[in-house]
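Student: here is a sequence together with a model predicted from it:
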Amino acid sequence: MADGPTYLRIADLLREEIRAGTWKPGDRLPSHSELAGRMQVSITTARNAIQILVAENLVYTATSRGTIVRSQEVLESVVTDHIRPDRPTSAHDIFSEIARAANREPAKEFSTRMEPADPQVARWLGVREDSWVLARTVVQYLDNEPWSWEVSFYPRDLAEAAGIDSPHDIPEGTTRRLADRGHGETAHRDTVVARPASTDEAAVLGVAPGTVLLDHLRIGANHERVTRATRHRCPAGRNRLAYQLGDAAGTAVIARTLGIAPGTPVSVP
């Protein structure tokens with residue numbers, strides 16, 4: 001190991017092993033105590049070395065599994081695909097479709113609740129502050145790795161009318177469910193910003209506080225009202241958002257020319 005503080009030298013060694021393939025995506029690194037014993041250092045020094053790799057987004061920590069090596073691929077999501085009127089019928093939502101196209105295994109943790117609209121949500125939905133709205137929360141995983149955190153808000157009356165106030169996940173996705181119940185969305189406004197992760201976001205996504213996230217807000221509407229506001233957050237270094245506008249034939253020409261397809265993983269340089 002090179003000169004420098006011990007924890008930095010241990011982080012350098014582990015980083016080199018990860019890049020050399022000694023530790024592959026999904027592998028569990030030695031625990032803090034195992035690493036301390038291997039390197040003959042204190043557990044605090046071992047923990048500090050691991051935190052360097054967490055901050056670099058090379059590993060993440062899972063309560064039940066320890067420190068896990070992250071995938072070194074970028075997942076491209078064509079965020080306009082699931083609102084295309086000619087999107088093929090499927091029993092899966094758009095995240096599952098993209099994940100499987102990339103040969104990754106998707107999984108989710110889902111929850112839902114009625115809550116009073118805070119000033120920001122009330123503005124997004126065009127409802128009174130403190131009026132009841134439905135919040136549907138999904139933490140999404142690829143190959144057991146935390147990938148994104150999505151929260152969608154719906155006016156209560158619309159959620160009840162469309163049957164999306166269920167305490168269970170909707171396999172085909174809420175966009176399809178809204179359309180099937182006569183509340184299809186005809187317009188969308190998207191805002192994407194890059195910003196540091198808060199402490200709460202870092203805990204959910206398994207990254208270090210301050211890691212740059214893509215914070216994507218989509219507001220959907222029909223001819224009468226705003227139907228939802230969806231906030232999707234994911235690590236910027238492992239995700240790429242793409243927009244495809246135009247008819248299917250034209251977008252297919254672009255995809256063939258670039259040699260890409262939705263969900264195709266790309267190696268990080």
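Tutor: Alright, I've got the coordinates.
Student: switch to C-alpha atoms for all contacts and neighbour counts from now on
Tutor: Will do.
Student: go through the longest helix seen in the chain and flag the buried ones.
Tutor: Longest helix in the chain by number of residues (criterion: DSSP state H): helix 6-20. By 16 or more other C-alpha atoms under 10 Å, the buried positions in helix 6-20 come out as 6-8, 10-12, 14-15, 18.
Student: how far does it sit from its chain's centre?
Tutor: Taking C-alpha atoms, centre = their mean, to the nearest Å, one finds the center of helix 6-20 at 27 Å from the center of the full chain.
Student: mind giving me the packing neighbours of the next helix or strand after it?
Tutor: Next along the chain after helix 6-20, taking DSSP states H and E as the criterion, comes helix 32-39. Applying 3 or more C-alpha pairs under 8 Å, 6 or more residues apart in numbering; DSSP states H and E, one finds that helix 32-39 contacts helix 43-55.
Student: list the neighbouring strands of the helix or strand just after the helix it packs on plus their orientation.
Tutor: Moving toward the C-terminus from helix 43-55, the next helix or strand (DSSP H and E) is strand 59-62. Within its sheet, and counting by DSSP bridges, strand 59-62 is paired with strand 66-69 (antiparallel).
Student: need the CA coordinates for the longest helix of the chain. PDB is fine.
Tutor: Provided in PDB are the C-alpha atoms of helix 6-20 (Å, rounded to 0.1, in the frame of the first residue of the first chain):
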ATOM      1  CA  THR A   6      -3.900   3.900   7.200                       C
ATOM      2  CA  TYR A   7      -7.600   4.100   6.400                       C
ATOM      3  CA  LEU A   8      -6.800   5.800   3.000                       C
ATOM      4  CA  ARG A   9      -4.200   3.100   2.200                       C
ATOM      5  CA  ILE A  10      -6.800   0.300   3.000                       C
ATOM      6  CA  ALA A  11      -9.400   2.100   0.800                       C
ATOM      7  CA  ASP A  12      -6.800   2.300  -2.000                       C
ATOM      8  CA  LEU A  13      -6.200  -1.400  -1.700                       C
ATOM      9  CA  LEU A  14      -9.900  -2.300  -1.700                       C
ATOM     10  CA  ARG A  15     -10.500   0.000  -4.600                       C
ATOM     11  CA  GLU A  16      -7.800  -1.600  -6.700                       C
ATOM     12  CA  GLU A  17      -9.200  -5.100  -5.900                       C
ATOM     13  CA  ILE A  18     -12.700  -4.000  -6.900                       C
ATOM     14  CA  ARG A  19     -11.400  -2.600 -10.200                       C
ATOM     15  CA  ALA A  20      -9.300  -5.700 -10.900                       C
END
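Student: where does the stretch 51-200 of the chain dip in pLDDT?
Tutor: Within the stretch 51-200 of the chain, the ranges that satisfy pLDDT under 70 run 81-92.
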